[in-house]
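Peer 1: okay, here's the prediction I keep looking at, along with the sequence it came from:
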There are 2 protein chains.
Amino acid sequence: MDVRFLLLTAISLCLATPSGADEGFWTFNNFPAEKVQKAYGFLPTPEWLDHVRLSSLRTPGRCSASFVSDQGLVLTNHHCVVDCLEELSTGGKDYLASPFVAMKPDEELRCPRIEMNQLTSITDVTEEIRTATKDLSGEALKTALKAEMTRLERACATSETVRCDVVELYRGGKYDLYQYRRYQDVRLVFAPEYAAGQFGGDPDNFSFPRFGFDVALYRIYEDGRPIDSRANFFRWSNTGGVDGEPTFISGHPGRTSRSMTVDQLQFERDARLPFYLGYYAEERGLLTEFRRKGKDESLFAGPDLFYAENALKLIKGQFATILSQSVTDQKEHEERALRREVEKNPATKEFADAWPIVAKAVERYRSLFLPYVIVEGAALRPPPGFQSQLASFAKMLVRASEELKKPDGQRLREYTDANLPALKQALFSAAPIHRELEVEELTFGLGKVREELGADDGFVRRLFGGKSPEELARALVETSTLAKLEERQRLFDGGREAIKASKDPMIAVMRDVVDPFARRIRDDYETNVEAPFAKGGEKIARAVFALHGLSVYPDATGSLRLSYGQMKGPAESDGGGPAVTTIGGAFARSTGRDPFALPPSWLEAKDRLNLDLPLNMATTNEVVGGNSGSPMLNKKAELIGLVFDSNLSGRGNAYLQRPEDRTVAVDSACILEVLSKVYKAERIVKEVRAANGG
Amino acid sequence: MDVRFLLLTAISLCLATPSGADEGFWTFNNFPAEKVQKAYGFLPTPEWLDHVRLSSLRTPGRCSASFVSDQGLVLTNHHCVVDCLEELSTGGKDYLASPFVAMKPDEELRCPRIEMNQLTSITDVTEEIRTATKDLSGEALKTALKAEMTRLERACATSETVRCDVVELYRGGKYDLYQYRRYQDVRLVFAPEYAAGQFGGDPDNFSFPRFGFDVALYRIYEDGRPIDSRANFFRWSNTGGVDGEPTFISGHPGRTSRSMTVDQLQFERDARLPFYLGYYAEERGLLTEFRRKGKDESLFAGPDLFYAENALKLIKGQFATILSQSVTDQKEHEERALRREVEKNPATKEFADAWPIVAKAVERYRSLFLPYVIVEGAALRPPPGFQSQLASFAKMLVRASEELKKPDGQRLREYTDANLPALKQALFSAAPIHRELEVEELTFGLGKVREELGADDGFVRRLFGGKSPEELARALVETSTLAKLEERQRLFDGGREAIKASKDPMIAVMRDVVDPFARRIRDDYETNVEAPFAKGGEKIARAVFALHGLSVYPDATGSLRLSYGQMKGPAESDGGGPAVTTIGGAFARSTGRDPFALPPSWLEAKDRLNLDLPLNMATTNEVVGGNSGSPMLNKKAELIGLVFDSNLSGRGNAYLQRPEDRTVAVDSACILEVLSKVYKAERIVKEVRAANGG
């Protein structure tokens, strides 16, 4: 972690471009209120910050959201509920083609795989972690760190409705314990048709001017009834965004890499980004054609294609940024300057070996990257080589049967007691399984395993046993019984004996071939890549703290952050223009052809709509993946917009912020108008109006 | 062009790795015979070089080949004849699934789109070009250069059976006029099944050890009879490759970029390679799924998928090479050293502005690249945005109607009189058109036009007129009459009036929308990118000639080159091992599943085959795309192998050669064995044996 980069960047941007974007994904316990006051004449108070924090929500690893009524009504993006819409689209109803409007309370439908978290407290636990890991390194450091994090989380998570995460900030420079109220009964209230929610589709994705109605509403239930959220929800602004006034975004940016060392950035450029560019491009081609097979295929594969296209366009932007010579030069210059400073200052000299530590781990990562990312990947998610729900279930069941026998602190992180609810939710989802799509995606993934690891690799030979990727995928998917929820429950409850006795081909291949290999690679990665990255990051962070104090923000980690900015149209270099578009603009852009076809509901309502109302808006705030669904607020903490994207330039902001970056949001002004006049959702509009005092 | 890089590289490789690869794509009129003598104790004489040159062949812009009998029998790769096999596969016969063996002379079938060229003479025309372009720059330089090249080619091409190309060598440092004997009646004699020719498929592509039988045979006809080739053909070696003896490859490497400046290399890295990586990956996914639709789709789309997969794997290797920090460092170091030398030497000081000239053109290219490559692309080939035979016909017809009215020297290069035969062969090919594949590929291409140029671009708006890519593709393909050869002939003969009057939708869109835009972009590219690249390249070349003479080879340009080396197994860093594989090895590798399934013909013949015979071989020679089908020769100019690939490391040799690069060839020893015992092609085996003295 090299927060000095960020500081320098921020300063240089401020000097060079006083009207550029405002920088920073700030934590709520280190928000630069004075900076905001200086720039915008408004000082956010601790009470203001608490209210914003408690009105904000997240769906872990996915999206942001917020309370917008006193009865548990939650605002988020249409693209955050697409998976749920697909799951609910059974029995002839297609909620991607038609809007979903719960006209009556009992029409609100549960989304099986969605949970909501509300951040109730933040506690600094850096001292506890430092004490537990003092003088340790390598395997011992890793084990002690994991055990202490698990201990802290267990002590904090006192019931099934509490979730606790130790959040590593500043790449190990600081550790905070985040305690969340967890809600697991989340029901869909409203979603527009795909054609309205994703108007402009992939061509307009990551751009402004923009004309999307990327809006959806949930409601949180407990004990079968809507919860009482009157203590903390966002009021609806009467005025919308106002020029020159500050704008705030409270949400959960997923991951930035601004404090990466130059060696880590080179790894991104040489290994990670080219791999994903090719992977998502090919998956896009495959799924585009798969969807042409028929109505069912089109419906099932829609969300996967949306995900692949979005990822592809994002990665292209990240890659373009990191390949740009001026970015490379800037990063190299900043790192050289910081290293000189650290070396010549007696207080920080001991941290000077941080960069060689990271460089050595990058070398190791180069040989581990492909097997690690393709076979193991992120926790509880299908990795690129095993893009299959059934494979994912099998892996969770096999691992759970081993891990749950161990003491809590020695388990893989995603199997600790604190993480059990998330595991169970993923494993026991009632979402339907589409076998042909499973075969399609698994064939593709297995092809990548063979392609990237090589047909002569020992693991590949054991895995395929002479079969082709398609044969193997069919053999695993077609006779697996894991699509049945009760079978997964039986295997989970049966533990090691049940797994050992299972003849299910997906369980067998995970148990006997994939998991032993994946565990070995993961252990190698955690010991020889992750641990030294953390060690180096911590050293750099401590050096920067010693030199410059805590005046900087940490890289995004999926935890709640607050960014500030102001309404502003595109930079001159991006063509300039106003900061808002109008409802009328969407009609002007509609060609009648997907993805530029406004749906019948809008066409029919045209005469009733106020076409001059703002539809989308742009601001200088910072956002990144995970911020989707974040509320855009004014200084009264009123809702003025719903964040759903950045512009093209903003795609590169994992690595650094640039003055032309913009956040793109649905303007709050149009939301009630459209809900009422297009979707006739008067019940919801009334609820919001009543919560705002009528 | 910076040949100094090459020299330095060669020297340092020689010093560092005496057992590494041998370097260079040498021209026949500047072959380093003494170097070969020094390394291998054999001095190629002028007569030896003439015989090798005249026994070598090319199919322009595609593959290499050679005469292997006195009756016009030609040896090349299976993958060079795949398009022809697909074209011949009508009426229920599928020559990708089954082998093609002409058991009798009258079963030899004409390949409609193949021509063969034999290089009959090389003349230095540098002086003529310099005189014609003296003191000119910009538009005037471009025009004068084109006119003089056309004049020289016209004067040289005295009949339809003579083709002449002015070849720009050393990026404009030298110009040679290559005169070819052209053969346009090329018939297929033998091709194995796809399963044998491409055994190992994409997983084994670009690798060694290898087990492919990538072999095919043509015969050249004239006036309905096989030509007499007794004067120049390669004899078959009795011994095959011998350790320590030199090996030679005579063929047509298509394009290398070793003399690019650092700015040009950065452009490759930032713009060209990422674009093609994403493009081919997506096309691969699309076509993989398209082929699953049915038997016809699988057959039609096979060659396109093969091309996309091969291109993708190649580009991944090129990208990995150019992203590698050690390559970047080496290129930068070499350029700095050369520039210093050029600046301080009075004789070369005038050339020091070469690098700024190139750098400025690179900047211009950054903004022109996407429209240029997507809409215009290479001459007479469908560009990425218009992947369609019909679109390609329309473009040729529209352009021909304009260009052929102009004086020869003012035409676009591919429409000069000298190039008319190639134009006509492409335009009047009798190959069948598959409308659904046309729609598929054109939809994909049009999607890329919109995606990369932007939905709001003026050209994009005019082109689409509110339609979706698929709608537009269908509208253009489904009612076009250009699939009919006689209609193309009518429009070609009718010239401008016929084109003007045509209501064919493909003609109309090319005439009214695409061609005006493409011409503007091409003109911009030629004036502001190509011309300064040539100017800068020429200056660097002249500086290097002044400093170091002609002791270096030029970048590959698709013209005939000779490389030397020796048999050698993989480098230790690539796992080591022997330089040859055996026929038995192919049986051991066969799993029965595509692409590792030996076909029934081989399985049935197993007991008759000598399994210990070499199947494939590796040498230290240099090859690059275009070398496919090249003969591998010993010092007696006897055939010891048939080049079909490089190893994984060799994919990066567009930019530089590395000691671990290897060329992969089918060993000549197995070819007659397999032709006889697997394919029962005794007629051909006898012909070859007779030509070799029985």
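Peer 2: Received the coordinates, thanks.

Peer 1: just give me the neighbour total for the residue nearest to A:Glu441 when sequence neighbours are not counted.
Peer 2: With C-beta to C-beta, 6 or more residues apart in numbering or on different chains as the criterion, A:Glu441 has its nearest non-adjacent residue at 3.9 Å, and that residue is A:Gln387. Heads up, the C-betas are built off the backbone N, CA and C, glycines and all. Applying other C-beta atoms under 10 Å in any protein chain shown, we find 25 other residues in the vicinity of A:Gln387.

Peer 1: same question for A:Arg255.
Peer 2: Using other C-beta under 10 Å, A:Arg255 is surrounded by 12 other residues.

Peer 1: ditto for A:Leu560
Peer 2: 25.

Peer 1: in three-state terms, label the residue lying closest to it once chain neighbours are set aside for me.
Peer 2: Setting aside the residues directly before and after it, A:Leu560 is nearest to A:Leu119 in space (C-beta to C-beta, 6+ apart), at 4.9 Å. Following DSSP: H, G, I helix; E, B strand; the rest coil, A:Leu119 is assigned to strand.

Peer 1: and the gap between A:Leu119 and chain B?
Peer 2: Distance of A:Leu119 to chain B, computed by C-beta to the nearest C-beta, to the nearest Å: 38 Å.

Peer 1: which of the three states applies to the closest residue to chain B within the stretch 251-400 of chain A?
Peer 2: Proximity of the stretch 251-400 of chain A to chain B (C-beta to the nearest C-beta) peaks at A:Gly285, 2.8 Å away. Three-state assignment for A:Gly285 (three-state DSSP): helix.

Peer 1: what's the pLDDT at the residue nearest to it when sequence neighbours are not counted?
Peer 2: Closest residue to A:Gly285 apart from its sequence neighbours, by C-beta to C-beta, 6+ apart: B:Gly285 at 2.8 Å. Model confidence at B:Gly285, given as pLDDT, is 97.

Peer 1: could you verify my assumption that B:Gly285 touches A:Leu286?
Peer 2: Yes. Using C-beta atoms under 8 Å, B:Gly285 makes contact with A:Leu286 at a distance of 3.6 Å.

Peer 1: between those two, which has more neighbouring residues?
Peer 2: Just comparing B:Gly285 and A:Leu286: by other C-beta under 10 Å the higher neighbour count belongs to A:Leu286, 29 against 25.

Peer 1: pretty sure the more buried one sits against A:Thr443.
Peer 2: No. Assessed by C-beta under 8 Å, A:Leu286 is found out of contact with A:Thr443, at 9.1 Å.

Peer 1: neighbours of A:Phe248, how many?
Peer 2: A:Phe248 has 25 neighbours, counted by other C-beta under 10 Å.

Peer 1: beta partners of the closest residue to it other than its chain neighbours?
Peer 2: Closest residue in space to A:Phe248, ignoring its immediate chain neighbours: A:Leu633 at 4.4 Å, by C-beta to C-beta, 6+ apart. For A:Leu633, the beta-bridge partners under DSSP bridges are A:Phe248, A:Leu639.

Peer 1: distance of A:Leu633 from chain B?
Peer 2: Where chain B is concerned, A:Leu633 sits at a distance of 31 Å (C-beta to the nearest C-beta).

Peer 1: equivalent analysis for A:Cys670, please.
Peer 2: A:Cys670 is 22 Å from chain B, by C-beta to the nearest C-beta.

Peer 1: the host helix or strand of that residue: how far from the chain's middle?
Peer 2: A:Cys670 is part of helix A:668-677, with elements assigned from DSSP states H and E. Relative to the centre of its chain, helix A:668-677 is centred 27 Å away, using C-alpha atoms, centre = their mean, to the nearest Å.

Peer 1: and A:Gly494, how many neighbours does it have?
Peer 2: 15.

Peer 1: now it, what's its secondary structure?
Peer 2: When classified by three-state DSSP, A:Gly494 comes out as helix.

Peer 1: what would stretch A:648-657 look like as CSV? C-alpha coordinates only.
Peer 2: The C-alpha atoms that make up stretch A:648-657 are tabulated as CSV, following Å, rounded to 0.1, in the frame of the first residue of the first chain:
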residue,chain,number,x,y,z
LEU,A,648,-15.8,5.6,-19.9
SER,A,649,-12.8,7.3,-18.4
GLY,A,650,-13.9,6.2,-14.9
ARG,A,651,-13.3,2.6,-15.8
GLY,A,652,-9.6,3.1,-15.1
ASN,A,653,-10.1,4.4,-11.6
ALA,A,654,-9.0,1.2,-10.0
TYR,A,655,-5.5,2.5,-10.6
LEU,A,656,-5.9,6.2,-10.3
GLN,A,657,-8.4,9.0,-10.5
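
Peer 1: need the contact partners of that stretch.
Peer 2: A:5, A:9-10, A:13, A:21, A:23, A:206-207, A:255-258, A:260, A:265, A:268, A:313-314, A:316-318, A:320-322, A:327, A:330-331, A:571, A:574, A:622-624, A:646, A:658, A:660-663 (C-beta atoms under 8 Å, 6 or more residues apart in numbering or on different chains).

Peer 1: how about stretch A:134-153: buried residues?
Peer 2: By neighbour count on 16 or more other C-beta atoms under 10 Å in any protein chain shown, the buried set for stretch A:134-153 is A:141-142, A:144-153.

Peer 1: tabulate the CA atom coordinates of that stretch in PDB.
Peer 2: Taking Å, rounded to 0.1, in the frame of the first residue of the first chain, the C-alpha atoms of stretch A:134-153 are listed here in PDB:
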ATOM      1  CA  LYS A 134       4.100  -9.800  16.600                       C
ATOM      2  CA  ASP A 135       7.500 -11.100  15.300                       C
ATOM      3  CA  LEU A 136       5.900 -13.800  13.200                       C
ATOM      4  CA  SER A 137       6.400 -14.400   9.400                       C
ATOM      5  CA  GLY A 138       5.500 -16.900   6.700                       C
ATOM      6  CA  GLU A 139       3.200 -19.700   7.500                       C
ATOM      7  CA  ALA A 140       3.100 -18.800  11.200                       C
ATOM      8  CA  LEU A 141       2.100 -15.200  10.500                       C
ATOM      9  CA  LYS A 142      -0.700 -16.400   8.200                       C
ATOM     10  CA  THR A 143      -2.100 -18.800  10.700                       C
ATOM     11  CA  ALA A 144      -1.900 -16.400  13.600                       C
ATOM     12  CA  LEU A 145      -3.500 -13.600  11.600                       C
ATOM     13  CA  LYS A 146      -6.400 -15.900  10.500                       C
ATOM     14  CA  ALA A 147      -6.900 -17.200  14.000                       C
ATOM     15  CA  GLU A 148      -7.000 -13.700  15.500                       C
ATOM     16  CA  MET A 149      -9.400 -12.400  12.800                       C
ATOM     17  CA  THR A 150     -11.700 -15.300  13.400                       C
ATOM     18  CA  ARG A 151     -11.600 -14.900  17.100                       C
ATOM     19  CA  LEU A 152     -12.500 -11.200  16.900                       C
ATOM     20  CA  GLU A 153     -15.300 -11.900  14.400                       C
END
